[in-house]
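S.K.: starting from these lines, generate the structure:
(one chain, ligands or ions: 1)
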Amino acid sequence: MKKFDIHEDPHRRFNPLINEWVLVSPHRATRPWQGQNEKIHTDALPEYDPTCYLCPGNVRANGESNPKYESCFVFENDFSAVKQEPIFFEEDSKPTFFKAKPERGIARVVCFSPRHDLTLPEMEISSIETIIITWQKEYTDLGSVDYINHVQIFENKGSVMGCSNPHPHGQIWAQSSLPTQVEKTQNSLKAYYDKNQSNLLIDYLQEELKLKERIVIENEHFVALVPFWAIWPFETMIISKRHITKITAFTDEEVTAYASILKQLTIKYDNLFETSFPYSSGIHQAPTDGELHPEWQFHMHFYPPLLRSASVKKFMVGYEMMGEAQRDITPEKSATVLKALPEVHYKNK
Ligand SMILES: O=C1CCN([C@@H]2O[C@H](COP(=O)(O)O)[C@@H](O)[C@H]2O)C(=O)N1
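M.R.: Numbering: from 1, shown residues only. Here you go, the predicted structure:
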């Protein structure tokens, strides 16, 4: 019987953050593709678009005017998924199949800069630091609201990710409950911490830095790697090296180091297929319920859909919906490809 080779044989990998498995099929990475090709938007964007709802000085869909902002601009989402008003509710004591309860929250939009065309990889480090400082302020402001227990900072980039506006921006959804992925992560982090009196992601990062098989970028304070259990073809995670539970605990040096690794990682992403690389990214960090949460470790997920070109994406359908996540190219192969990419953006070469 053939001996298991993780780089060749179909196998499953366990994700300890959410206690889920992913099926890995290394041998399939070369199969032909006659399916859908996502349209690539190559036309350059203008620095200012008079029809853009996010550009400085423009009127948004709800009739409000944006200020002529000159750096980051944050506004309440005009079509927020949650509302601030309290709703009277009595929990039904009888166990039923029809469990529902009102959810309160605040949703905001963060315009990264006044430039309609300037994405993270093309921004100056100092401008990315301004975004980080804005995220810190929003985490503090929203987290201090008594009914807010979680602040989710995220970005949808690229129309293929359902991003409704190309003007570089992110979102923040703050709410009373821990959303499902965060609750699953917290349960795992807490179980590990209670069992080992140490931090799961800190211990994991130490192992990854020893193995060096999935590291993409490393600086003094952060590491960008392809997680052993990555699902999306070029999925990565940025993890702080120091035990930091939330973004507001960064030192000034860590803010600069985080801005630097964000720029370097998104440059590599754009260089992969020489296109503005789509992804959904999000920060996972301690809830804002007033507890210390030593089990948490600051980390940021990047979930990019592209598989093998600027126009071929991975579809999480069929088996992935009915069974479990599945990937062809191995995390190690993806990390090797990303690490080898130039550090200069393809538009500047
Ligand atoms: O005038 C507008 C346009 C878009 N928006 C909001 O901006 C957000 C854009 O983010 P996405 O591109 O990730 O969908 C979206 O949630 C949308 O509701 C406004 O609040 N006002």
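S.K.: so what does the longest helix seen in the chain touch, helix or strand wise?
M.R.: When the chain is parsed with DSSP state H, its longest helix is helix 252-273. Contacts defined by 3 or more CB pairs under 8 Å, 6 or more residues apart in numbering; DSSP states H and E place helix 252-273 against helix 125-143, strand 215-218, strand 222-225, strand 236-240, strand 306-309, helix 331-340. No exception for glycine: its C-beta is placed from N, CA and C like everyone else's.
S.K.: list the buried residues in it.
M.R.: Within helix 252-273, the residues that qualify as buried are 254-273, counting by 16 or more other CB atoms under 10 Å.
S.K.: could you do stretch 19-29 as well?
M.R.: Buried residues in stretch 19-29, counted by 16+ other CB under 10 Å: 22-24, 26.
S.K.: swap in stretch 205-222?
M.R.: Across stretch 205-222, burial judged by 16+ other CB under 10 Å covers 205, 208, 214-217, 221-222.
S.K.: neighbours around Glu76, how many?
M.R.: Counted by other CB atoms under 10 Å, the residues lying close to Glu76 total 12.
S.K.: which phi and psi does it have?
M.R.: In terms of degrees, to the nearest 10, the main-chain angles of Glu76 are phi -70, psi 130.
S.K.: is it true that it touches Ala107?
M.R.: Yes - between Glu76 and Ala107 there is a contact under CB atoms under 8 Å: 7.1 Å.
S.K.: return the longest helix of the chain as CSV; C-alpha atoms alone will do.
M.R.: Extracted as CSV, the C-alpha positions of helix 252-273 are listed here (Å, rounded to 0.1, in the frame of the first residue of the first chain):
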residue,chain,number,x,y,z
ASP,A,252,3.0,52.9,17.0
GLU,A,253,5.7,50.5,15.6
GLU,A,254,3.0,47.8,15.2
VAL,A,255,0.7,50.2,13.4
THR,A,256,3.5,50.9,10.9
ALA,A,257,4.4,47.2,10.6
TYR,A,258,0.8,46.2,10.0
ALA,A,259,0.5,48.9,7.3
SER,A,260,3.6,47.6,5.7
ILE,A,261,2.6,44.0,5.6
LEU,A,262,-0.9,45.0,4.3
LYS,A,263,0.7,46.8,1.4
GLN,A,264,3.2,44.1,0.7
LEU,A,265,0.6,41.3,0.8
THR,A,266,-1.9,43.2,-1.5
ILE,A,267,1.0,44.0,-3.9
LYS,A,268,1.8,40.3,-4.2
TYR,A,269,-1.9,39.6,-4.7
ASP,A,270,-2.1,42.1,-7.6
ASN,A,271,1.1,40.7,-9.1
LEU,A,272,-0.3,37.2,-9.1
PHE,A,273,-2.4,37.6,-12.2
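S.K.: got the contact list for Trp232?
M.R.: Contact partners of Trp232, counting by CB atoms under 8 Å, 6 or more residues apart in numbering, are 303-305, 314, 327.
S.K.: could you do Ser260 as well?
M.R.: Going by CB under 8 Å, 6+ apart, Ser260 touches 125, 219.
S.K.: what's the spacing between His299 and the ligand?
M.R.: Per CB to the nearest ligand atom, to the nearest Å, His299 is found 21 Å from the ligand.
S.K.: who does that residue form a beta bridge with?
M.R.: Ile239, His284 (DSSP bridges).
S.K.: count the neighbours of it for me.
M.R.: Neighbours of His299 (other CB under 10 Å): 22.
S.K.: try Ser334
M.R.: 21.
S.K.: ditto for Leu54
M.R.: Counted with other CB under 10 Å, Leu54 comes out at 23.
S.K.: how many residues are close by the closest residue to it other than its chain neighbours?
M.R.: The shortest distance from Leu54 to any non-neighbouring residue, by CB to CB, 6 or more residues apart in numbering, is to His167 (4.0 Å). His167 is flanked by 23 other residues according to other CB under 10 Å.
S.K.: work out for me the element His167 sits within.
M.R.: Under the criterion DSSP states H and E, no helix or strand holds His167.
S.K.: show me the contacts for the residue nearest to Met300 when sequence neighbours are not counted.
M.R.: Excluding the flanking residues, the one nearest Met300 by CB to CB, 6+ apart is Ile238, at 4.4 Å. For Ile238, the contacting residues are 222-224, 258, 261-262, 265, 299-300, 302, by CB under 8 Å, 6+ apart.
S.K.: does the ligand have contacts with stretch 73-88?
M.R.: Yes - contact between stretch 73-88 and the ligand, assessed by CB under 6 Å from any ligand atom, occurs at 77-79.
S.K.: will you turn the residues you listed into JSON lines that also has secondary structure, neighbour count and pLDDT?
M.R.: Shown next, in JSON lines, are these (DSSP: H, G, I helix; E, B strand; the rest coil; neighbours: other CB atoms under 10 Å; pLDDT from 0 to 100):
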{"residue": "Asn77", "secondary structure": "coil", "neighbour count": "15", "pLDDT": "98"}
{"residue": "Asp78", "secondary structure": "coil", "neighbour count": "13", "pLDDT": "97"}
{"residue": "Phe79", "secondary structure": "coil", "neighbour count": "9", "pLDDT": "96"}
